[in-house]
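Engineer: below are the sequence and a predicted model; questions follow.
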Amino acid sequence: MERAVARGMTETDVRNRMAAQATDEERRAIADVIVENDGDLETLRRRVDAAWMHLMSTSPTMRSSQAESAGDPACWLEIEEGDDGGLRAVRFDLGLADLTGRSGAVWSLPHGGDLDANLVHLVPDDGIGEHRNDEVDVLVVVRGGTGEIVVDGRPSALSDGVVVLVPKGAARSIRAGGDGLAYLSIHRRRSGPTIRPSGR
């Protein structure tokens, strides 16, 4: 109340605005996902990760599967929660990810563990410029399309099923071919931002 009045509102205006707001019960009734913030920061982070993965799994941007069983809609993610509400196991079907949009990461492994992974989609002839990561090795696993990766000046062709290990400290760039490119980038979680331009 005091802060709102200090910003120029009258007490009547403040009370009217508060009265017009939905109650917690009303918000819960229409919410798709509820994240309880009644624990420590780490518990909250795990719950937010679980909620995000649930929203991703039900997103209309995910293609429906032709292989549906018993009439149930396909889901590209299956999430198992632990007793604390955080993630315990995640199963995902990358074949159901929508790769028809613009370039960028279309899926990321929930944070909080020791591993980071991103499914990256590049539209035809798009690419990621040369950069260097000084902290972790990176495994690139191609999931579809074609392209080229250049590691410390050495080009390698990319196609479905190809795996490339990029050692830490190596400069790398990736470019999609004429039919686009989809790949997983997998590495140990970094302690902080360490990606930088190669300086070449």
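Structural biologist: Here it is on my side, so go on.

Engineer: so which residues of the chain form strands?
Structural biologist: Using DSSP state E, the strands found in the chain span residues 77-81, 87-92, 104-108, 115-122, 127-133, 138-151, 154-159, 163-166, 171-188, 195-197.

Engineer: to residue 42, which of these lies closest?
Structural biologist: Closest of these to residue 42 is strand 87-92, at 12.1 Å (criterion: Cβ to Cβ). Quick note: C-beta positions are derived from backbone N, CA and C, even for glycine.

Engineer: now that closest one: average pLDDT?
Structural biologist: In this model, strand 87-92 carries a mean pLDDT of 64.

Engineer: so can I have JSON lines of the strands of the chain showing distance to residue 8 and mean neighbour count?
Structural biologist: As requested, those are exported to JSON lines (distance: least, Cβ to Cβ, whole Å; neighbours: other Cβ atoms under 10 Å):
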{"stretch": "strand 77-81", "distance to residue 8": "45", "mean neighbour count": "15"}
{"stretch": "strand 87-92", "distance to residue 8": "45", "mean neighbour count": "14"}
{"stretch": "strand 104-108", "distance to residue 8": "42", "mean neighbour count": "15"}
{"stretch": "strand 115-122", "distance to residue 8": "46", "mean neighbour count": "18"}
{"stretch": "strand 127-133", "distance to residue 8": "48", "mean neighbour count": "16"}
{"stretch": "strand 138-151", "distance to residue 8": "53", "mean neighbour count": "19"}
{"stretch": "strand 154-159", "distance to residue 8": "59", "mean neighbour count": "13"}
{"stretch": "strand 163-166", "distance to residue 8": "56", "mean neighbour count": "15"}
{"stretch": "strand 171-188", "distance to residue 8": "50", "mean neighbour count": "19"}
{"stretch": "strand 195-197", "distance to residue 8": "45", "mean neighbour count": "11"}
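
Engineer: I appreciate the help and will end here.
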